[in-house]
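Participant: Please work out how this folds:
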Amino acid sequence: MDTIGANLQAVKARIANAARQCARNPAGIELLAVSKTFGADAVRAAYSAGQRAFGENYVQEAIEKITALRDLKLAWHFIGPIQSNKTRQIAEHFDWVHSVDRLKIAERLSAARPAALGPLEICLQVNIGGENSKSGVAPADARALATDIAALPQLALRGLMTIPPASDDVSVQRGYFAQLRELRDELAAAGIALDTLSMGMSADLEAAVAEGATIVRVGTAIFGARERH
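Facilitator: Numbers count the residues shown, from 1 in each chain. Here you go, the predicted model:
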């Protein structure tokens, strides 16, 4: 488990270096450790190395970990596709949800969010590359969806998330991330102020940081290769 601590430091160094390259303050970029398919012991090891925010894709697996780690003060982010029948469990157990792309899902999350927990922090997932294989609202439809979600009582709309098409070309990576940043700016001009861009993973976090990411979601570079779920 010492490997996880070393990997975390290496990823944080990558973020800091990427931030320096574009004259950004690394403190404005949060590292979300994607712990899906790894057990509670791996999360605990990351916590011991200073990590506090964790991302999960699978509801039942996540809830088992959240329950097992109740003694730790952690922030849990749901980043996977959302099924309607899982919205109550997500609303009751998570602090953030990055993958909202339909009003129906947002309404169910709002209705199920316990008042005592405060508003659920929300990012809209945007399908920036228009891929049929990926979830996400089309960029052209994001403004209408954001307007509707911003009005829901138990949600706090914070920003946008994307998983762009895979590419090894940094200029292509940056192009997709720039589109998400520009969409954020368009929404701000329309009166929808957002402070979060959730973008960038193990292979492309430098490009994401260069284009304004405020949360990068890193799993493999911290925990190692994962088995298919």
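Participant: The protein: helices as residue ranges?
Facilitator: Using DSSP state H, the helices found in the chain span residues 2-21, 40-48, 59-68, 87-93, 103-112, 142-150, 170-189, 205-210, 220-223.
Participant: could I get these as a markdown table with mean neighbour count and mean pLDDT?
Facilitator: Yep, even glycine has a C-beta here, placed from its N, CA and C like the rest. Formatted as a markdown table, these follow (neighbours: other Cβ atoms under 10 Å; pLDDT from 0 to 100):
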| stretch | mean neighbour count | mean pLDDT |
| --- | --- | --- |
| helix 2-21 | 16 | 97 |
| helix 40-48 | 18 | 97 |
| helix 59-68 | 16 | 98 |
| helix 87-93 | 19 | 98 |
| helix 103-112 | 18 | 98 |
| helix 142-150 | 18 | 98 |
| helix 170-189 | 17 | 98 |
| helix 205-210 | 24 | 98 |
| helix 220-223 | 20 | 97 |
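Participant: and those helices as TSV, adding distance to P81?
Facilitator: Formatted as TSV, the helices of the chain follow (distance: least, Cβ to Cβ, whole Å):
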stretch	distance to P81
helix 2-21	25
helix 40-48	22
helix 59-68	10
helix 87-93	11
helix 103-112	10
helix 142-150	16
helix 170-189	19
helix 205-210	21
helix 220-223	19
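Participant: Let me know the average pLDDT across stretch 124-133.
Facilitator: Average pLDDT, stretch 124-133: 96.
Participant: Endpoints of that stretch, how far apart?
Facilitator: Using Cα to Cα, to the nearest Å, the end-to-end distance of stretch 124-133 comes out at 17 Å.
Participant: Only the buried residues of it, if you could.
Facilitator: L124, Q125, V126, N127, I128, G129 (16 or more other Cβ atoms under 10 Å).
Participant: can you give me the offset of it from its chain's centre?
Facilitator: 14 Å (Cα atoms, centre = their mean, to the nearest Å).
Participant: Likewise for stretch 87-97?
Facilitator: 14 Å.
Participant: what's that stretch in contact with?
Facilitator: The set of residues external to stretch 87-97 that reach it, using Cβ atoms under 8 Å, 6 or more residues apart in numbering, is 56, 59, 62-63, 66, 75-78, 82, 105, 108-110, 112-114, 117, 120-123, 154, 158.
Participant: run the last query once more with 6 Å
Facilitator: 59, 63, 66, 75-78, 108-109, 112-113, 121-122 (Cβ atoms under 6 Å, 6 or more residues apart in numbering).
Participant: what does stretch 59-67 give?
Facilitator: Residues contacting stretch 59-67 (Cβ under 6 Å, 6+ apart): A40, E56, W76, K86, Q89, H93.
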